[in-house]
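>>> got a predicted structure plus its sequence, pasted below:
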Amino acid sequence: MKITEVRVIVTCPGRNYVCVKIMTDEGLYGVGDATLNGRELAVAAALQEHIAPLLIGRDPERIEDIWQSLFRGSYWRGGPIQMTAIAGVDMALWDIKGKQAGLPLYQLLGGKTREGALCYTHAGGRDAIEVEDNVRKSLERGFEVIRAQVAVPKAIGTYGTGGAAEAASASWAGATAEGVGDGGPMPYVEANWEPREYLKIVPKLFAHLRSTLGEDVELLHDVHERLNPIEAARLARELEPYHLFFLEDPLRPEHKESFRMVRNASTTPIAMGELFHTKYDCLPLFTEQLIDFIRCDLTHIGGVTEATKIAALAEPFQIKTAWHGPGDIAPMAHSANVHVDVSIPNFGIQEMVFFPDIVQEVLPGAPVYREGRLWPNEAPGLGCDINEEAAAKYPYQRNYLPVCRRADGAVHDW
Ligand SMILES: [Mg+2]
């Protein structure tokens, strides 16, 4: 079999997606996700201008060899743009291999180790009462694990407070002097965010949720890489009585050694890694057992090939997976997540979103949610497709993630 064409399809059915479609001389094709929120066209150009010419005429069955040649063969390796481009190719090649075998991807990865993949949704709100209300709505939908985020007093437009709706669509509960939303043609500003206020409100939120909801619901919280080491250690310690499922991304991805401080301060389980790009980012946190969950984004680490290696590296250190699953990666990536989830031994949990109908029309085949779990598509390969005609109706729209600024106007990590 030979690769004859690499199509890069950029579409915006409510938000931007960069899709890869690899065609072969035997009529089989595969689809993958190469979406990097806010830098979509940079990845599309890397694919079209630099990677596609390398793939024409290659044997798509040689997934590992193609992966290695794209990662190491470029000399300049890693980084979000290159690893996202490689991910799109990698997913499409696994999709082709599954179609060739007539098997869903999880069968090629060793077969099922479990039935559905336990998943979590997002609940947010302006105050603890509204968060509680949204947690209860998620419980009614069958979720057993729920991420809880609350607005930070004085801050304008706190990340995550729109909950599941914010994660699934472009709508965002925030409002700022410069704009509203989770994106726009220029970045919106999440203003007046102060760690002091954040560190006060989050333990109060979980005290409220435990007192009203009890101990049966599993709760987690996303710091979104906003704290320094001593602040993160304090938060992990103060949240200890509320028994979180995990505390997510407490520190910036650059400061792996700082996880020792958080670890030594608390028994709150720690999840990390949605801004990582390779297995090498994960290694220091694995070998010292500084985290409990690794939550890389398959679309930003080079796809299924790297994800299965990261999961295998994590396994002997008793670290489980919690792959990133937001609305700004395409259904092909969510499908890849769940195929890996149900086939590896050390799966932990899967973040998920409900895609709007418009996305499902353009990019059909996302995993199905039922009773607190995600179920993989049983069709060969990823089980996803790209409706190119529908995709063409929704052209790319420039869109940025927000930026976060402190009360004095200084830039902070978003
Ligand atoms: Mg996160």
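Arrived safely, thanks for sending.
>>> quick one: low-confidence parts of the stretch 101-250 of the chain?
Where the stretch 101-250 of the chain drops to pLDDT under 70, the residues are 169-183.
>>> mind listing the strands for it?
Secondary structure of the stretch 101-250 of the chain (DSSP state E, counting those that start in this stretch): strands located at 117-125, 145-150, 189-190, 218-222, 246-248.
>>> with just CA atoms, put stretch 3-23 into CSV.
Extracted in CSV, the C-alpha atoms of stretch 3-23 (Å, rounded to 0.1, in the frame of the first residue of the first chain):
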residue,chain,number,x,y,z
ILE,A,3,0.1,7.0,0.5
THR,A,4,-1.1,9.0,-2.5
GLU,A,5,-2.4,12.2,-0.9
VAL,A,6,-2.5,14.0,2.4
ARG,A,7,-5.5,16.3,2.7
VAL,A,8,-5.5,19.0,5.4
ILE,A,9,-9.0,20.1,6.1
VAL,A,10,-9.5,23.2,8.4
THR,A,11,-13.1,23.7,9.4
CYS,A,12,-15.0,25.8,12.0
PRO,A,13,-18.3,24.2,13.0
GLY,A,14,-18.5,26.4,16.1
ARG,A,15,-14.8,26.1,16.7
ASN,A,16,-11.8,25.4,14.6
TYR,A,17,-10.6,21.9,13.8
VAL,A,18,-7.6,20.9,11.7
CYS,A,19,-8.3,17.4,10.2
VAL,A,20,-5.9,15.1,8.4
LYS,A,21,-7.1,12.7,5.7
ILE,A,22,-4.5,10.3,4.3
MET,A,23,-5.5,8.6,1.1
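>>> tell me which residues of that stretch come out buried.
Neighbour-count burial for stretch 3-23, counted by 16 or more other CB atoms under 10 Å, picks out 3-4, 6-23. To be clear about C-beta, it is placed using only N, CA and C from the backbone, and glycine gets the same treatment.
>>> what do you get for stretch 187-197?
For stretch 187-197, a neighbour-count test (16+ other CB under 10 Å) marks 187-195, 197 as buried.
>>> out of these, who's nearest residue 288?
residue 195 (25.7 Å; CB to CB).
>>> any idea how far residue 237 is from the nearest residue to the closest one once chain neighbours are set aside?
Residue nearest to residue 195 in three dimensions, not counting chain neighbours: residue 231, with 5.5 Å by CB to CB, 6 or more residues apart in numbering. Noted for residue 231: a distance of 11 Å to residue 237, by CB to CB, to the nearest Å.
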